[in-house]
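Asker: sharing a sequence plus its predicted fold:
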Amino acid sequence: MQRFVPARSQMDAALRSSGPNALGIRFHTRSSRAARTFDAVNGLPHEMMRPTGWFQIGWSGDFPTGEIVSRRVCGEEVIVFRTEDGELHGLEAYCAHMGAHLGFGGTLENSCVRCPFHGWAWDTDGQNTNIPYADRPNRAVRMRRWDVIERNGIVLLWHDLDGAGPTWDVPDVFESLGGDVATREYHPDGQIRFGRRTLSPFVVLDNVADPAHFTTVHHQPAVPLVVSAEADEHLFRVRLGFGESWKRDPENATGDALDILQVGVGFSYTALGGKRSPLIVIVLATTPADDETSELFQTVWLERAPGDEEPGRFDERMHHATHQLPYDIEIWENQRYVERPAWTASEVRGFTTLRRWASGFYPAAS
Ligand code: FES
Ligand SMILES: [Fe+2]
């Protein structure tokens with residue numbers, strides 16, 4: 001049985017938008033910076049590379065205390081730094097005095113960033129606290145602040161084209177996948193960086209509603225069954241069942257299941273395994289860097305299993321868990337996004353529901 005329950009608010013927003021295409025995605029054209037042009041990566045409009053939501057910018061270890069780290073997210077230059085209390089902070093990278101890049105020679109002093117050019121200091125809220133050659137700080141200018149959080153060792157930044165703050169939180173990877181995923185024992189996470197790739201989060205997102213590619217790209221013997229698919233505000237949850245037992249009796253199926261939780265357009269949580277095989281938990285994140293590229297991150301937790309201490313066993317399991325993704329990436333990097341694909345009857349509902357849900361992650365039309 002397939003179940004599709006789009007969140008009302010997301011669906012309403014999609015349906016209200018004027019001039020919708022077949023998928024309900026409306027590309028807003030309200031401001032000059034969002035002029036509708038189609039030469040972004042995968043043949044997409046530029047604004048589709050500037051969605052709203054949380055996006056991975058690295059892992060906790062990438063941000064040691066006292067260091068200023070530069071990142072580019074959705075075309076914005078951002079600096080991220082960890083203060084002595086362990087908290088992460090984000091500020092726009094260009095100094096509000098004369099535009100020096102604080103990630104090149106800026107220093108951290110008492111939780112403030114000191115610009116390398118004329119020495120102005122900025123606190124974690126973006127307020128100017130000191131000008132070395134003036135009597136008082138300049139309270140009239142302010143640097144843009146960016147929200148940065150950590151979940152399960154993953155560092156995420158909130159992006160909103162119009163500068164609005166976060167409207168939803170990022171769930172814990174293990175708790176949110178449900179079942180007994182949170183009670184199992186795991187090895188420390190594996191972290192795989194793919195760097196900047198010529199793809200959009202939107203082509204990666206389609207993967208969630210795409211059981212048919214498992215036979216061709218991933219060499220599975222049969223197309224898995226979509227056991228359930230459900231949209232809920234910023235989450236889209238899908239369960240795929242592998243093997244005949246899912247078709248005969250989904251309630252008592254013994255075959256492996258793949259649970260996918262898409263969290264906004266930026267990343268997904270996946271748990272793969274079954275009653276007989278150890279679980280594999282993966283976070284795949286796609287962060288638009290600019291209109292041409294996205295940075296891709298994969299975080300992998302393997303459930304501890306007997307025999308893992310044998311030489312080469314862990315590496316073999318990690319290879320097994322991760323060697324498939326490059327096949328998807330090759331497709332995504334060379335794909336042209338089709339707004340109205342020639343879907344089969346079995347595909348149309350899943351893809352349409354997913355894309356309509358995803359349209360809610362763009363600034364609403366005014
Ligand atoms: S540009 Fe930063 S202090 Fe002048
Ligand atoms: Fe895939």
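Answerer: Happy to help now that I have it. Ligands and ions are numbered 1, 2, ... in the order given.

Asker: use CA for all of it now, contacts and neighbours both
Answerer: Fine.

Asker: and the chain, which residues reach ligand 1?
Answerer: Contact residues, the chain versus ligand 1 (C-alpha under 6 Å from any ligand atom): Cys95, His97, Met98, Gly99, Ala100, Cys115, Phe117, His118, Gly119, Trp120.

Asker: could I get the residues you listed in a markdown table, plus columns for secondary structure and neighbour count?
Answerer: Shown next, in a markdown table, are these (DSSP: H, G, I helix; E, B strand; the rest coil; neighbours: other C-alpha atoms under 10 Å):
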| residue | secondary structure | neighbour count |
| --- | --- | --- |
| Cys95 | coil | 26 |
| His97 | coil | 17 |
| Met98 | coil | 9 |
| Gly99 | coil | 11 |
| Ala100 | coil | 17 |
| Cys115 | coil | 25 |
| Phe117 | coil | 16 |
| His118 | coil | 14 |
| Gly119 | coil | 16 |
| Trp120 | coil | 22 |
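
Asker: turn those residues into a markdown table, including pLDDT.
Answerer: Compiled in a markdown table, the residues of the chain next to ligand 1 are given as follows (pLDDT from 0 to 100):
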| residue | pLDDT |
| --- | --- |
| Cys95 | 98 |
| His97 | 98 |
| Met98 | 98 |
| Gly99 | 98 |
| Ala100 | 98 |
| Cys115 | 98 |
| Phe117 | 98 |
| His118 | 98 |
| Gly119 | 98 |
| Trp120 | 98 |
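
Asker: farthest pair within those?
Answerer: Gly99 and Gly119 (12.2 Å; C-alpha to C-alpha).

Asker: count of neighbours near Trp168?
Answerer: For Trp168, the neighbour count with other C-alpha atoms under 10 Å is 12.

Asker: over to the one 3 residues further on?
Answerer: Applying other C-alpha under 10 Å, we find 13 other residues in the vicinity of Pro171.

Asker: how about the contacts made by it?
Answerer: Contacts for Pro171 were tallied using C-alpha atoms under 8 Å, 6 or more residues apart in numbering; they are Arg151.

Asker: need phi/psi at it.
Answerer: Dihedral pair for Pro171: phi -70, psi 160, per degrees, to the nearest 10.

Asker: if I look at it, how far off is ligand 1?
Answerer: 37 Å (C-alpha to the nearest ligand atom, to the nearest Å).

Asker: do the same with Leu161
Answerer: Counting by C-alpha to the nearest ligand atom - Leu161 and ligand 1 are separated by 24 Å.

Asker: wait, that residue sits on Met49?
Answerer: No - counting by C-alpha atoms under 8 Å, Leu161 stays clear of Met49, with 10.3 Å between them.

Asker: tell me which of those two has more neighbours.
Answerer: Legend: neighbour count by other C-alpha under 10 Å for Leu161 and Met49, higher for Met49 (26 against 16).

Asker: and for the closest residue to ligand 1 within the stretch 151-300 of the chain, the neighbour number?
Answerer: In the stretch 151-300 of the chain, no residue comes nearer to ligand 1 than Gly163, which is 22.1 Å away by C-alpha to the nearest ligand atom. Look at Gly163: counted by other C-alpha under 10 Å, it has 12 neighbours.
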